[in-house]
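Peer 1: can't give you the sequence, but here's the structure:
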């Protein structure tokens, strides 16, 4: 399958700081990228859908001003958690849709810990 | 909107026995149903999928069945092994919004 990378894999930050997570499709062009959040022992929760060159579509309950998504190219999407707080600590996973939208390829995830 | 229910939440089976995980979906427009395996702290890995024009698909010890009328699909793992221990998620996909709707997950424990 296609390869999706995510960076960083783990980040620890102080409350109030901003954290940027990068998601890259390495060997294919991803028209659409998805950002998920996963709390311990829970399912993946879709945060937003990102299409290259347009504004992201956020799921209900996800603050767009807090979780800034940029999808500037067909291979890169970024998620910035602004003014992070301890309750934002979670496992963030991106996925990229390839030629067939129903087939999503997942990044390795980013473990965010906010102190 | 689409809703996916997954059962059981935890499943413990003896090594060598079979395991079955079931999911139901609500929107008949869903046309693609993948199953993912997620080990602790890692990304979900696609293990098998089925499209709405097929009733059953098998890949070695893993099989998936789909009943479109009843709107449910199941994952079957035969001859379970310790490395099958993980959390398994089902999902349903609709072309209309390109989104995967996830089940809550099943923690599969293989007892030696």
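Peer 2: Noted; the coordinates are in hand. The shown structure was predicted, so the numbers you read here are calculated from the model rather than taken from an experiment.

Peer 1: what part of chain B, helix or strand, is modelled with the least confidence?
Peer 2: strand B:99-102 (a mean of 87; mean pLDDT, DSSP states H and E).

Peer 1: all strands for chain A, in order.
Peer 2: Per DSSP state E, chain A carries strands over the ranges A:4-7, A:10-13, A:19-25, A:32-38, A:45-51, A:57-58, A:67-73, A:76-81, A:90-97, A:104-106, A:110-114.

Peer 1: from the contact counts, what lies against the strand ranked longest in chain B?
Peer 2: If you go by DSSP E, chain B has its longest strand at strand B:86-94. Here strand B:86-94 touches strand B:4-7, strand B:19-25, strand B:32-38, strand B:72-77, strand B:99-102, strand B:106-111, going by 3 or more C-beta pairs under 8 Å, 6 or more residues apart in numbering or on different chains; DSSP states H and E. In short, each C-beta sits where N, CA and C put it, glycine included.

Peer 1: what about these, which gets the closest to residue B:93?
Peer 2: When the helices and strands packed on strand B:86-94 are ranked by distance to residue B:93, counting by C-beta to C-beta, first place goes to strand B:32-38 at 4.0 Å.

Peer 1: give me the nearest residue to the most centrally placed residue in chain A, chain neighbours excluded.
Peer 2: By C-alpha atoms, centre = their mean, chain A has its centre lying nearest to residue A:35, at 3.6 Å. Nearest residue to residue A:35, sequence neighbours excluded (C-beta to C-beta, 6 or more residues apart in numbering or on different chains): residue A:47, at 4.6 Å.

Peer 1: which residues of chain A lie near chain B?
Peer 2: Residues of chain A lying near chain B by C-beta under 8 Å from any C-beta of the partner chain: A:1, A:32, A:34, A:42-46, A:49, A:91, A:93, A:97, A:101-104, A:106-109, A:111.

Peer 1: at 10 Å what do you get?
Peer 2: Contacts of chain A with chain B, taken as C-beta under 10 Å from any C-beta of the partner chain, map to A:1, A:4, A:6, A:9-10, A:31-32, A:34, A:36, A:38, A:40-46, A:49, A:51, A:57, A:59, A:91, A:93-95, A:97, A:100-109, A:111.

Peer 1: go ahead and confirm the residue nearest to the centre of chain A touches residue A:70.
Peer 2: No: using C-beta atoms under 10 Å, residue A:35 is not in contact with residue A:70; the gap is 11.1 Å.
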